[in-house]
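>>> need coordinates for the following:
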Amino acid sequence: MSTTELAAVSGTDQPDLARDAPRLHRPLLWSSAAMVALVVFSLGGMIVDDRTLLGESVWLKTFKFGLAFAVYEITLAWLLSLPHKGSRATWWLGTVFAVTGVLDVGFIVLQAARGTFSHFNSSDDPVNSIGQMVFASGVPGLFFANLLIVLVLSWQRLVDRPTARAIHAGLALAVAGMALGYLMGFTGEQLVRDANGQVVELVAGHTVLREDSPAAELAIRDTAAGMPLTHWSTIGGDLRVPHFVGLHGIQILLLAAFLLTHLARRHRWLRAEPTRAALMAVLALTYTGVLAITFWQAMRAQSLVHPDPRTLTAYACLLTTATAATLVLYYRARRLAE
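Residues are numbered from 1 along each chain as shown. Next comes the predicted model:
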């Protein structure tokens, strides 16, 4: 590879975590570190505490939330370290996200310690009543802080074009994933037991069953056995699936952008930035298609692990389109590189 070509692939606009580390958003870093500590604590809790909620350890939810927040916040801290217009506003928005995240997850930890539910819990005891008010204000705070950051960054080119497309598409997917989480609040009431054996009324849940399902089954739908670790439903749709897919799209796309940059050092056809940017666009659209299909599947009361022919056809069409677009870009890039 010539000096000019190498510069095109690894120029100064490429993301460099070591270079950007001194500028990383400190409140988000501290919050992410606290979430990592929570993950370690939750692993210990799952070992020594045998209490369960809905058939899973009371500490599994804190583990999942801690891990998800740790990954997302370190990603957001890096994004906000990139030079951009409106950095003062995004710093404060990042701080709102960090503080709100700690408060919301803190309540989840408190409820886990109490052996009861954090989400959708309608119990009128003082601790839960105050916590639900924190949730009612905190969740919108997370959503709108993230949304405003997206609006500020989406119109700016922060790095090279492939990574910029990963950032823009990933942030949009994260907003969509957060928005889909709100739909869980409309799935209907259910009755469950907490870790202390007390019956608790939840005003909503994660599982979506067919409307003609027996009332008794609808009332306890989240208690059914689910997939290992995630506990996603195997008897119906689960809105946590598209919620998860959307939130973590930015990590998938950024990893793909970094991988393309690495591969470009070895494969001549990938050295042109427009080619890698076009490939990132194909991947982003394909990932958006996966988000749409998982949401469609969940709303049709269909488990992720039991797809019907329509779902499989949709995935087949998506994969075929993505493969065809990638091949077109490959042959065009090969021809231009010759």
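>>> where exactly do the helices run in the stretch 101-250 of the chain?
If DSSP state H, counting those that start in this stretch is used as the criterion, the helices of the stretch 101-250 of the chain fall at 126-153, 161-181, 215-219, 240-247, 249-264.
>>> just checking, what packs against the helix or strand following the last one?
Next along the chain after helix 249-264, taking DSSP states H and E as the criterion, comes helix 273-299. On a contact count with 3 or more C-beta pairs under 8 Å, 6 or more residues apart in numbering; DSSP states H and E, helix 273-299 meets helix 161-181, strand 237-238, helix 240-247, helix 249-264, helix 309-337. Quick note: C-beta positions are derived from backbone N, CA and C, even for glycine.
>>> neighbouring contacts of stretch 274-289?
By C-beta atoms under 8 Å, 6 or more residues apart in numbering, the residues outside stretch 274-289 that reach it are 161-163, 165-166, 169-170, 173, 245, 249, 252-253, 256-257, 260-261, 264, 269-270, 318, 321-322, 325-326, 329, 332-333.
>>> OK, contacts around the residue nearest to G141 when sequence neighbours are not counted?
Nearest residue to G141 in three dimensions, chain neighbours excluded: T100, at 4.2 Å (C-beta to C-beta, 6 or more residues apart in numbering). Neighbour list for T100: 138, 141-142, 145 [criterion: C-beta under 8 Å, 6+ apart].
>>> and T100, which of the three is it?
Secondary structure state of T100, per DSSP: H, G, I helix; E, B strand; the rest coil, is helix.
>>> let me know the pLDDT of it.
pLDDT for T100: 93.
>>> next: the one 4 residues further on.
For D104, the pLDDT comes out at 92.
>>> okay, stretch 187-204 in CSV with CA atoms only?
Below are the C-alpha coordinates for stretch 187-204, written out as CSV (Å, rounded to 0.1, in the frame of the first residue of the first chain):
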residue,chain,number,x,y,z
THR,A,187,-49.5,-4.6,27.2
GLY,A,188,-52.1,-4.9,30.0
GLU,A,189,-52.1,-5.7,33.7
GLN,A,190,-50.9,-9.0,35.2
LEU,A,191,-50.6,-10.6,38.6
VAL,A,192,-47.3,-12.0,39.8
ARG,A,193,-45.6,-13.0,43.0
ASP,A,194,-42.5,-11.3,44.3
ALA,A,195,-39.5,-13.1,46.0
ASN,A,196,-41.3,-12.9,49.3
GLY,A,197,-44.3,-14.7,48.0
GLN,A,198,-46.6,-11.7,48.0
VAL,A,199,-49.0,-11.1,45.1
VAL,A,200,-48.1,-7.9,43.1
GLU,A,201,-50.1,-6.3,40.4
LEU,A,202,-48.1,-5.1,37.5
VAL,A,203,-49.7,-2.5,35.3
ALA,A,204,-47.9,-3.8,32.2
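>>> residue closest to the middle of this protein?
L247 (1.9 Å; C-alpha atoms, centre = their mean).
>>> distance check, that one against A179.
Distance, L247 to A179, using C-beta to C-beta, to the nearest Å: 11 Å.
>>> likewise for L255?
Using C-beta to C-beta, L255 is found at 24 Å from A179.
>>> how about stretch 237-249: buried residues?
Buried residues in stretch 237-249, counted by 16 or more other C-beta atoms under 10 Å: 237-249.
>>> ok now do the nearest residue to V208 once chain neighbours are set aside, which residues does it touch?
Among residues not flanking V208 along the chain, G237 sits closest, at 3.8 Å (C-beta to C-beta, 6+ apart). Each residue near G237 by C-beta under 8 Å, 6+ apart is listed here: 207-209, 297-303.
>>> and the helices and strands packed on helix 273-299, which is most packed in?
Among the helices and strands packed on helix 273-299, the stretch with the highest mean neighbour count (mean count of other C-beta atoms under 10 Å) is strand 237-238, at a mean of 28.
>>> neighbouring strands - and their directions - for that strand?
If you go by DSSP bridges, strand 237-238 pairs up with strand 207-208 (antiparallel).
>>> now do the partner strand: everything it contacts.
Among residues not part of strand 207-208, those counted as contacts by C-beta under 8 Å, 6+ apart are 187, 221-222, 224, 233, 235-239, 298-299, 301.
>>> JSON lines for the helices and strands packed on helix 273-299, including mean pLDDT?
Formatted as JSON lines, the helices and strands packed on helix 273-299 follow (pLDDT from 0 to 100):
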{"stretch": "helix 161-181", "mean pLDDT": "91"}
{"stretch": "strand 237-238", "mean pLDDT": "92"}
{"stretch": "helix 240-247", "mean pLDDT": "94"}
{"stretch": "helix 249-264", "mean pLDDT": "92"}
{"stretch": "helix 309-337", "mean pLDDT": "94"}
